[in-house]
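Colleague: Sequence unavailable; structure follows:
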C-alpha cells in the first residue's frame, strides 16, 4: 500500500477521495444469493432485521415526559446502545440510567441494583418520574419487579423522607426484548403509564389525548398546530417535541434537563378527556384501549394522518368528537396540498415505489404513494403486525386500477428478503423508508425518501413534519424533487 | 490532594475514589475497572459491545453471527466506523454500497420459545444458512449475549459442528453484556478465545499456516488497530516503506485467513494496548513472538514508533528518511494549526488508551489537556497518562453524565474530544466537540492524519456559531450612552 497523498497536505486536510480507496470484490464475480434461502420464511437466520428491541420503544416514550429518566434494569449495553441510537437520530443528549447488571445480578437477581440504582439516581437528579424498563436479562432471571419497587420506595422514603419520595413517580414497563420490537415497547409504555397514573375525577373535559407513537418532534408540532387551529385543548402523552429538540443556550443549572415533556398532572387528567387519538395504532393503542375500558374515553387508533385521506379522517374525527368546526385555515392548508399534488402529478403518476418501515408508517406511506398515482411495488414492515396484510390490501384494493404491476406485501420478514426482491424488479423509481434503506436505494440507483424510525444519516428529518396537510405538502415536494434530481436532465425541468 | 471529588457526588462518596488531579510528585492510580454503581448514569457499554463492536466488527470477511434477540445485533450494525475495502457483488456489474462487514447484520433473532427451550438448534441452522448465503465469507464468529449466556447455550459445540460440516473456520466469543464491568471484558474475551481457537485450528488444519517458503524476516502483525475512518491508509504505508510486510492487522479490514497466520510473524506491533495487548502477550508466551508498544498519533509519537520498530530490524536510516519526508509533507499546515490552537484548553474523554495516545499530539498543537476521562481504563492506562502529563489534569475514571457537566464548569475547556453519546450534552453546554471514537472527518492517525485531526479541532473552536449561543445581543444603537444622538453623516 503506497501513500497516494499529495506532496504537501493542505490546511483543509484530505478526504477519502484523496486517499484513493479502491473497492476490492469479495468474490471474483457476481453470483446471485441462494434463491431457496432468500425468503425469510425458509430460514432460521435473520439478515438485516427490520426492527430492534422492545426496551428502546419504552425509553423513547419515557424521554417524552417532563423531568423523567428511564432506568434500565439490565446490563450497561441495554442503556448505552439505546442512548447511542437516540443520539444518532435526534442529535440531542439523552439521559438514561442503568441498573448496571454484572455477574452477581445474573446469579442473585437485580433486587440490589434497582433499590440502590433508583436511590443513586433520585438523590442526584430529583426527577419527577423514573420509568423502570426491564430487559432480556432481568426477565430471564425472573426479577420480581413489583416487590423490588416496593422495597425501592421504602428505601427512598427512609433516606429522603416520605414527602420527597412520594414526589417521584416510579412506573414499571416490562419489555423483554425477545417478545417484540420497539413498537411493542412503546405500546407497553403507553399502557403502563396510563394504567398507573391516569384518573377520572368526574369533571368531564372536552380535551383530547394524543398518543403520538414513534413520530418525530416535527410531527408532534404539526399535530399541535392542527389542534390549535381547531381550538382543541389536548394532552400529548410522551411529548418529545421539546425534550428531544432542545435549543442551545447556556444551561441555567446542573444537571441538564431539557424543558417540556408531558407532566404527571397531565397524564392524571387523561382519564377525563373526551377521546384519545393514537397516531400510530401499533405504538400506543394499548394505552388508548385501556383509557376506553377503564374510563370510557373513546379511542381512535390511527391511521397515521399522512396524505389527504388519512388527514381528512383525523381532522373529521377531531371535529366530530369535540363538536368543533374545521376552520378555514385548515381547509386552505388542504387546498394548497391538493394544489401541489395537481402541479406535480406528471412526476409522480406511475412511479414505482418500494415502501418499508414500522407498520403504521408503512401503511400511511402506502396510502400516500397511491394518492400520488404511484404503484407500491413492495410494501414491507419490519415489526410484524397481525393486521398488516389486510390493512395494506384494503388500500391497494382502492387504487389497484392504477397500478402498473401487482404489489408484493412483506410481513414477518427481514430487510434482506425485501432488498433481494427489489434487486429483481426490472424497474424501480424510489424507496420510501428509514436509513437502513440507504444501501439498497443506492444499489438500485434510486432516491431514498427518509421517513420513520430510524433516520440518522441526514440532518433535520426529526424536525420535519410528514403528518397533516402542511407536512404532506412538504413531503410531496421532497419526493418530487428527489425524482427530478435522479431522473430528469436540467433541460426537462425548466418549465 | 491527588484524589478529589465533585460536588455532584455528595451522595455518592464512592465516586471520590475514581477522581484525581494528577500531581507528578505524588502520582495516584484511581479506583478503576470495577463495577459501575447502579443508577449513576454511566457512559459505559457492555462486554458484548467490546467483543462484537470493537474487535469482531472490523474483520472484513467474517459472518458476525449474533446469537441473541434482534436488538443486540441491530445496535452493532453499521455503527462504529470500522471501514473495509472488501465489497460483495450486488449485480454482475456492481459492488455493494457498503463493505461486507457493514452491509449485513446477521442474527439468530431469539424468541420466547427459543429462550425457554434453548437456542442451539436455531443457531446451528442459522450458521449453516448464513454460510450458504455468503460464500464470500472467510469465516464465521458466533457472539453470545445476555440472553444466550444466561440460558447457557453451548455455542462452542455448534461452532465445531458447523466447521466440520462446511469447512469454514468458525469461532466463538462468549462475552454476554452482563459479564465483566465494561466493554473491556469483551475485548479480553475475544483476545483469549480467538488466540486459543486459531492455535487449535492451526494444529487441526496445518495447511492454514503460512508456508515456510512464503515467510520473510520482515513479517509483522499490527495488533489493536481497527481502521477507524481509514486510519490504516495512514499507518500501513509507513511500515511498508520501512520494508516490513504486514501479514495481518488485528482486526481492522483484515481477512480471516490472514488472522490465522498471525503466529507466523516475527514481531507484533501493538497500537491499542488496552483492547489487544492480551493477544500480543499470548503470542509472546506461546510462539515467542516479541511485541513493541506504539502510539501512532501525532508527529513525535509516530516518529518514535517508526524508530522503535526500525531498531528491531536494523532499519534506522530508512526510518529517519521516512520521518523526514512525512514531516515535511505536513510542516506548513501544522504551523498554521499551531498558531491557531496554541493556548487552547482541551478535554479528552474516550475509552482509555486514546487519552494517553493524545496528550502528546495535543501538546504538539500547542494545547493544554485540562481534563481527561476513561470509560474502561485499567491501572496501566492511568500509569501511562500520569507518565505523559505534566500535572494539573483533572482525571475521572468511568465518568457519569453529571460529572462530565460539572467538570466542564470546573475546567472550562475550549474543545472536548469525546464520543457520540456524550457530545450532544457537551454541546448543549456551549462547548464544541470532536467525535473521538469514529472521528468527524478522519483519518486522524499517523503524520498526515494529524492535519485532519487539527482541522476538526480548529473547526470546532473557531466556528462562528458559538458567539450566538448567549441569546440576542442588544443592537449597538441601544447601547449608546444617554444624550448622544446618532446622525447620518
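Modeller: Perfect, thanks for sending it. As the structure is a computational prediction, the values presented were derived from the model and not from experiment. Residues are numbered from 1 along each chain as shown, chains lettered A, B, ... in the order given.

Colleague: tell me which residues in stretch A:485-495 are buried?
Modeller: residue A:487 (16 or more other C-beta atoms under 10 Å in any protein chain shown). Every residue, glycine included, has its C-beta placed from N, CA and C.

Colleague: Could you pull up the mean pLDDT of that stretch?
Modeller: Averaged across stretch A:485-495, the pLDDT comes to 92.

Colleague: Pull the distance from that stretch to the chain's centre.
Modeller: The chain centroid and the centroid of stretch A:485-495 are separated by 34 Å under C-alpha atoms, centre = their mean, to the nearest Å.

Colleague: From one end of it to the other, what's the distance?
Modeller: End-to-end span of stretch A:485-495 (C-alpha to C-alpha, to the nearest Å): 15 Å.

Colleague: got a list of contacts for it?
Modeller: A:429, A:430, A:445, A:446, A:447, A:484 (C-beta atoms under 8 Å, 6 or more residues apart in numbering or on different chains).

Colleague: ok, now stretch A:380-396?
Modeller: A:49-51, A:180-184, A:282, A:354-359, A:362-363, A:366-367, A:370, A:376, A:379, A:403, A:407, A:409-415, A:418.

Colleague: Mind listing what's buried along it?
Modeller: Of the residues in stretch A:380-396, A:380, A:381, A:382, A:383, A:384, A:385, A:388, A:391, A:392, A:395, A:396 count as buried by neighbour count, 16+ other C-beta under 10 Å.

Colleague: List the contacts of residue B:107.
Modeller: Contacts of residue B:107 by C-beta under 8 Å, 6+ apart are A:45, A:46, A:47, A:49, B:65, B:66, B:67, B:68, B:70, B:72, B:73, B:74.

Colleague: Tell me how far the second one lies from residue B:129.
Modeller: Distance check for residue A:46 against residue B:129: by C-beta to C-beta, to the nearest Å, it reads 10 Å.

Colleague: three-state assignment of residue B:79?
Modeller: coil (DSSP: H, G, I helix; E, B strand; the rest coil).

Colleague: I'd say it and residue A:87 touch.
Modeller: No: the pair residue B:79 / residue A:87 is not scored as a contact, 10.9 Å apart, by C-beta atoms under 8 Å.

Colleague: Enumerate the positions of stretch B:422-431 that are buried.
Modeller: Residues of stretch B:422-431 classed as buried by neighbour count (16+ other C-beta under 10 Å): B:422, B:423, B:424, B:425, B:426, B:427, B:428, B:429, B:431.

Colleague: what about that stretch and chain A, any contact?
Modeller: Yes: with C-beta under 8 Å from any C-beta of the partner chain as the measure, stretch B:422-431 is seen reaching chain A through B:423, B:424, B:425, B:427, B:428, B:429, B:430.

Colleague: mind listing which of those residues are in helices?
Modeller: Counting by DSSP state H, the part of the residues of stretch B:422-431 next to chain A found in helices is B:423, B:424, B:425, B:427, B:428.

Colleague: For the fourth one, report the pLDDT, please.
Modeller: Reported pLDDT at residue B:427 in the predicted model: 96.

Colleague: With adjacent residues omitted, what lies nearest to it?
Modeller: Nearest residue to residue B:427, sequence neighbours excluded (C-beta to C-beta, 6 or more residues apart in numbering or on different chains): residue B:433, at 5.9 Å.

Colleague: Enumerate every residue touching that neighbour.
Modeller: Per C-beta under 8 Å, 6+ apart, neighbours of residue B:433: B:415, B:416, B:417, B:418, B:422, B:423, B:426, B:427, B:460.

Colleague: Likewise for residue B:181?
Modeller: A:102, B:33, B:34, B:35, B:36, B:44, B:376.

Colleague: Determine the number of other residues adjacent to residue B:314.
Modeller: Residues contacting residue B:314 under the criterion other C-beta atoms under 10 Å in any protein chain shown number 8.

Colleague: again but with residue B:412, I slipped
Modeller: Residue B:412, neighbours per other C-beta under 10 Å, totals 12.

Colleague: What confidence value was assigned to it?
Modeller: 97.

Colleague: Could I get the contacting residues of it?
Modeller: Shown in contact with residue B:412 (C-beta under 8 Å, 6+ apart): B:345, B:370.

Colleague: quick one: which of the contacts of residue B:107 is nearest to residue B:410?
Modeller: residue B:72 (36.7 Å; C-beta to C-beta).

Colleague: How many neighbouring residues does residue 432 have?
Modeller: With no chain named, the answer covers chain A. For residue A:432, using other C-beta under 10 Å, the count is 28.

Colleague: To clarify, I was referring to chain B.
Modeller: So residue B:432, with other C-beta under 10 Å, has 20 neighbours.

Colleague: on that earlier part again, Throw the contacts of residue B:107 into CSV and include secondary structure and neighbour count, thanks.
Modeller: CSV is the format used below for these (DSSP: H, G, I helix; E, B strand; the rest coil; neighbours: other C-beta atoms under 10 Å in any protein chain shown):
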residue, secondary structure, neighbour count
A:45, coil, 25
A:46, strand, 24
A:47, strand, 28
A:49, coil, 26
B:65, strand, 30
B:66, strand, 31
B:67, strand, 29
B:68, coil, 30
B:70, helix, 28
B:72, helix, 31
B:73, helix, 27
B:74, helix, 30
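
Colleague: Angles on the backbone of residue B:269, please.
Modeller: phi -110, psi 120 (degrees, to the nearest 10).

Colleague: what do you get for residue A:6?
Modeller: Torsion angles, degrees, to the nearest 10, at residue A:6: phi -60, psi 160.

Colleague: Would you enumerate the residues in contact with it?
Modeller: So residue A:6 contacts A:14, A:18, B:329 (C-beta under 8 Å, 6+ apart).

Colleague: Generate a PyMOL selection restricted to the buried entries among these.
Modeller: In PyMOL, a selection of the buried entries from the contacts of residue A:6 looks like this (16+ other C-beta under 10 Å):
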select buried, (chain A and resi 14) or (chain B and resi 329)
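
Colleague: and the contacts of residue A:6 as JSON lines, adding distance to residue B:361 and secondary structure?
Modeller: Formatted as JSON lines, the entries for these read as follows, by distance: C-beta to C-beta, whole Å; DSSP: H, G, I helix; E, B strand; the rest coil:
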{"residue": "A:14", "distance to residue B:361": "17", "secondary structure": "coil"}
{"residue": "A:18", "distance to residue B:361": "21", "secondary structure": "helix"}
{"residue": "B:329", "distance to residue B:361": "16", "secondary structure": "helix"}
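
Colleague: Relative to residue B:403, which of the contacts of residue A:6 is nearest.
Modeller: residue A:14 (36.5 Å).

Colleague: For that closest one, which non-adjacent residue is closest in space?
Modeller: residue A:5 (6.1 Å).

Colleague: what about that neighbour, helix or strand, and which?
Modeller: Under DSSP states H and E, no helix or strand contains residue A:5.
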